[in-house]
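S.K.: Prediction below, plus the sequence it came from.
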Amino acid sequence: MPDISVKLGTKLTLTNPIMTASGTFGYGDEVSDLVDVNQFGAIVTKSLSLEPRVGNPAPRIAETPSGMLNSIGLANIGLEAFLADKKPFLAALSTKVVVNIAARTEDEFITVIERLDAEDWITAYEINVSCPNVKEGGIAFGTNPVVLKKLCEALRRTTKRFLIIKLSPNVTDIAKMAQIAEDSGADAISLINTVYGAAIDIYSRKPKINTVIGGLSGPAIKPIACANIIKVFSAVSVPIIGIGGICNGEDVIEFILAGATAVQLGTVNFMNPHAVGGIIRYIENYLQQQRLGAISDIIGCFER
Amino acid sequence: MRSLINGSVLDNRQIAEDIYRATIVTPDIAGAALPGQFINVYFPDSVKIFPRPFSIAGAEGSNIQLFYKVIGSQTELMSQWKPGDPVKILGPLGNSFEIPAPGTEIVLLAGGVGAAPLLFFRDRLYESGVKPKFFLGARTQNQLLLRADTKSELTIATDDGSCGSRGLVTAVFYEFLTGIDSPLTVCACGPDPMLKALKPMLENSNLAVYVSLEKTMACGLGLCQGCIVKNAGHNSSGDYSLVCRDGPVFNLRDIDFNA
Ligand SMILES: Cc1cc2nc3c(=O)[nH]c(=O)nc-3n(C[C@H](O)[C@H](O)[C@H](O)COP(=O)(O)OP(=O)(O)OC[C@H]3O[C@@H](n4cnc5c(N)ncnc54)[C@H](O)[C@@H]3O)c2cc1C
Ligand SMILES: Cc1cc2nc3c(=O)[nH]c(=O)nc-3n(C[C@H](O)[C@H](O)[C@H](O)COP(=O)(O)O)c2cc1C
Ligand code: FES
């Protein structure tokens, strides 16, 4: 059997490169009767904030060609309920747990991390500085280089845990944002979060989601994600976690060739909750067919 | 217990204008299904990516039944199903209607293809020895899922009067209500305007009203948080409920339609 484990730098090894994307797999427990959650190399939980958030009003989702728009607005149960209700399930998993955090202020990020640092079942944090659907926090942290630098440095001072910064494609120069994250001590960069998108119902003349402009995800954004991975791969040396439109094993190999060390499955979980099993089998077959010993041999190895 | 399986089409035929009935062989889902629950149908389609939710309209032996109205691309694809075709489905999903305590009369109220989940409920009520009143509305006689029924006391209304009384089914239902002063449970499914028209009924404390809601769904599994309905009244465990997970059946008192 070829080796499908991946090392994210020296600090973190995953049994396989497939993770869940935040906000598309709940807290893992919703579908544990349908999907063997431990098949994933890691589970990334829904963005967590200090206090619960109810999220945006309806309508929150719309189907668009080969994709979807969402304006969920980081609805989540808050830190306290997360630890009380979700810890028993998550802590018992054999796979690794990455907690995605979204906050309105730097202080809120720090408070959440300080509390979570006491929990030994958490492997890493993914910092969401790229949500397009909230008024405060979210993307504001991820689009201004000065703000991003200050935040990343503060988070690095706060925790020794593996720190992933999740970037938005809705910026002029994503490579620069990735460099800032790396220089400020991030252990890995994940990208991309959703792409700005909108759709209008031509009969009612109303926008199809309440925020008018929301986040586009799904197969439609895969080439955008691929381009951003390529740009960031040539700009940083920390590992990249590739996200955006992955539907199958071919897509995963493509992102790894583009420069990703690991990947996340998002919208595909809605289209096919069993996607992960087929993807892992595909990767193993691909490596065998290509006479490759390990998936890590091909990271960034596309022919220029 | 939910499962994602390849069912197989046993029968699929048009039964009214734009309305089809499909019977699908799927022992696991048929065995577990409760009235009010739904299934997701998955399509090998990379343009229209959402699965489509459909109420379970009947479950007998190894088979489930769906009644669906052709309104867009995926229901158009379903209308082409042939016996033996494989169909990828997931279910049963969501909560269910509950049989009320003895002494409470139960009435079913449906508009259009909203009759689907109530047909299944009617089956189960009938099996438990109850023959419910069933008010069924449609635009014309050509769009009725049923015209006669042995398992319920059926009252029909059509907008054009081509079958039953002329006008909205809610009007006929309100007429019936004026003569009632004992506890009554109403289970309703239909277009949003019909369900909204039931709100005034809540002023009558003898009535419990349960509605089955439809919202656009991306996952049907509680993963995306897309299918929200606003909570109202004492139900304040959060500001929104998820129709796919907390519903699709809600006590009308617990939800706020106008948000
Ligand atoms: C819990 C539940 C049970 C349902 N039961 C039935 C049933 O028994 N029989 C029946 O005919 N229909 C039922 N529906 C509605 C059915 O899901 C839609 O008619 C179907 O998804 C339309 O697909 P389409 O591709 O043909 O139409 P499209 O071209 O995609 O859309 C046409 C319209 O259908 C609605 N719609 C589209 N996608 C969805 C979606 N994922 N979820 C909900 N609505 C959507 C939208 O309002 C849209 O304007 C149910 C919906 C829900 C949520
Ligand atoms: C319904 C939905 C909710 C999401 N919620 C979050 C979230 O809470 N935090 C976050 O960092 N990203 C969130 N995302 C973004 C995804 O994690 C992912 O970056 C994006 O969808 C692109 O990947 P995909 O095309 O595979 O879905 C959400 C995406 C969707 C579709
Ligand atoms: S449809 Fe995704 S949470 Fe209900």
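M.R.: Looks like it arrived, so ask away. Ligands and ions are numbered 1, 2, ... in the order given.
S.K.: Give me every residue in chain B lying close to ligand 3.
M.R.: Contact residues of chain B with respect to ligand 3, defined by Cβ under 6 Å from any ligand atom, are listed as B:Met217, B:Ala218, B:Cys219, B:Gly220, B:Gly222, B:Leu223, B:Cys224, B:Gln225, B:Gly226, B:Cys227, B:Leu242, B:Cys244. All C-beta atoms are positioned from the backbone trio N, CA, C, and that covers glycine.
S.K.: One more pass at 8 Å, please.
M.R.: Where chain B comes near ligand 3, counting by Cβ under 8 Å from any ligand atom, the residues are B:215-228, B:242-245.
S.K.: likewise chain A?
M.R.: Taking Cβ under 8 Å from any ligand atom as the criterion, chain A approaches ligand 3 at residues A:Ile61, A:Phe270.
S.K.: shaky segments in chain A?
M.R.: A:132-138 (pLDDT under 70).
S.K.: Quick one: the helices in it, in order.
M.R.: Counting by DSSP state H, chain A has helices at residues A:78-81, A:87-91, A:106-116, A:140-143, A:145-158, A:174-183, A:222-233, A:249-258, A:268-271, A:275-289.
S.K.: Redo these as JSON lines? Include mean neighbour count and distance to B:Thr170.
M.R.: JSON lines is the format used below for these (neighbours: other Cβ atoms under 10 Å in any protein chain shown; distance: least, Cβ to Cβ, whole Å):
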{"stretch": "helix A:78-81", "mean neighbour count": "15", "distance to B:Thr170": "40"}
{"stretch": "helix A:87-91", "mean neighbour count": "15", "distance to B:Thr170": "44"}
{"stretch": "helix A:106-116", "mean neighbour count": "17", "distance to B:Thr170": "49"}
{"stretch": "helix A:140-143", "mean neighbour count": "22", "distance to B:Thr170": "48"}
{"stretch": "helix A:145-158", "mean neighbour count": "17", "distance to B:Thr170": "55"}
{"stretch": "helix A:174-183", "mean neighbour count": "21", "distance to B:Thr170": "55"}
{"stretch": "helix A:222-233", "mean neighbour count": "21", "distance to B:Thr170": "47"}
{"stretch": "helix A:249-258", "mean neighbour count": "21", "distance to B:Thr170": "49"}
{"stretch": "helix A:268-271", "mean neighbour count": "23", "distance to B:Thr170": "35"}
{"stretch": "helix A:275-289", "mean neighbour count": "17", "distance to B:Thr170": "43"}
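S.K.: Make TSV out of those and add distance to ligand 1.
M.R.: Formatted as TSV, the helices of chain A follow (distance: least, Cβ to the nearest ligand atom, whole Å):
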stretch	distance to ligand 1
helix A:78-81	27
helix A:87-91	26
helix A:106-116	34
helix A:140-143	31
helix A:145-158	37
helix A:174-183	32
helix A:222-233	22
helix A:249-258	23
helix A:268-271	10
helix A:275-289	18
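S.K.: and chain A, which of the residues of chain B next to ligand 3 reach it?
M.R.: B:215-216, B:218-219, B:221-228, B:245 (Cβ under 8 Å from any Cβ of the partner chain).
S.K.: Identify, from those residues, the entry nearest to B:Thr23.
M.R.: Nearest to B:Thr23 out of those is B:Leu221 (Cβ to Cβ; 24.8 Å).
S.K.: so that closest one sits in a helix?
M.R.: No: with DSSP: H, G, I helix; E, B strand; the rest coil as the criterion, B:Leu221 is assigned coil and is not in a helix.
S.K.: Over in the stretch 101-250 of chain A, which residue gets nearest ligand 3? Let me know.
M.R.: Distances between the stretch 101-250 of chain A and ligand 3 by Cβ to the nearest ligand atom are smallest at A:Ser217, namely 13.2 Å.
S.K.: Now for that residue: which residues touch it?
M.R.: Listed by Cβ atoms under 8 Å, 6 or more residues apart in numbering or on different chains, the contact partners of A:Ser217 are A:Gly67, A:Met68, A:Asn70, A:Thr194, A:Val195, A:Gly244, A:Gly245, A:Gly266, A:Thr267.
S.K.: As TSV, those residues with neighbour count would be great.
M.R.: As requested, these are arranged in TSV below (neighbours: other Cβ atoms under 10 Å in any protein chain shown):
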residue	neighbour count
A:Gly67	24
A:Met68	29
A:Asn70	29
A:Thr194	30
A:Val195	22
A:Gly244	31
A:Gly245	25
A:Gly266	25
A:Thr267	29
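S.K.: Count residues in the vicinity of A:Ser94, would you?
M.R.: Residues near A:Ser94, counting by other Cβ atoms under 10 Å in any protein chain shown, number 7.
S.K.: Report the spatially closest residue to it, excluding sequence-adjacent ones.
M.R.: Distances taken as Cβ to Cβ, 6 or more residues apart in numbering or on different chains put A:Asn38 closest to A:Ser94, at 4.9 Å, once the chain neighbours are dropped.
S.K.: just checking, the one you found touches A:Lys96?
M.R.: No: shown here, A:Asn38 and A:Lys96 do not form a contact pair, counting by Cβ atoms under 8 Å, at 10.0 Å.
S.K.: more neighbours, the two?
M.R.: Comparing A:Asn38 with A:Lys96 by neighbour count (other Cβ under 10 Å), the higher total belongs to A:Lys96, at 21 against 15.
S.K.: For the more buried one, name its beta-bridge partners.
M.R.: The bridge-partner assignment for A:Lys96, based on DSSP bridges, gives A:Ala42.
S.K.: how close does it sit to A:Asn269?
M.R.: In this structure, A:Lys96 lies at 18 Å from A:Asn269, with Cβ to Cβ, to the nearest Å as the measure.
S.K.: ok, now which ones touch the residue in the stretch 1-150 of chain B positioned nearest to ligand 2?
M.R.: Of the stretch 1-150 of chain B, the residue with the smallest distance to ligand 2, taken as Cβ to the nearest ligand atom, is B:Ile49 at 10.1 Å. B:Ile49 makes contacts with A:Glu63, A:Ser66, A:Gly67, A:Met68, A:Gly218, A:Pro219, A:Thr267, A:Phe270, A:Met271, as judged by Cβ under 8 Å, 6+ apart.
S.K.: Show me which pair in those is furthest apart.
M.R.: Longest span within those, Cβ to Cβ: A:Ser66 and A:Phe270, 13.1 Å.
S.K.: Burial check on the closest residue in space to B:Leu221 that isn't next to it in sequence, number of neighbours?
M.R.: If the residues on either side of it in the chain are set aside, B:Leu221 comes closest to A:Val31, at 5.6 Å by Cβ to Cβ, 6+ apart. Using other Cβ under 10 Å, A:Val31 is surrounded by 19 other residues.
S.K.: Same question for B:Ala197.
M.R.: Going by other Cβ under 10 Å, the residues that sit close to B:Ala197 add up to 19.
S.K.: what's it sitting at in phi/psi?
M.R.: The phi and psi values for B:Ala197, taken as degrees, to the nearest 10, are phi -70, psi -10.
S.K.: Look up the pLDDT of it for me, please.
M.R.: At B:Ala197, the predicted lDDT confidence score is 86.
S.K.: so the residue nearest to it when sequence neighbours are not counted, which of the three states?
M.R.: In this structure, B:Ala197 finds its nearest non-sequential neighbour in B:Thr170, 5.0 Å apart by Cβ to Cβ, 6+ apart. With three-state DSSP as the basis, B:Thr170 sits in helix.
S.K.: Which residue ranges make up each domain of chain B?
M.R.: Following the assignment in automatic domain parsing, chain B carries domains at B:3-93, B:105-214.
S.K.: In TSV: those, plus distance to A:Ala58.
M.R.: Shown next, in TSV, are these (distance: least, Cβ to Cβ, whole Å):
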stretch	distance to A:Ala58
domain B:3-93	16
domain B:105-214	11
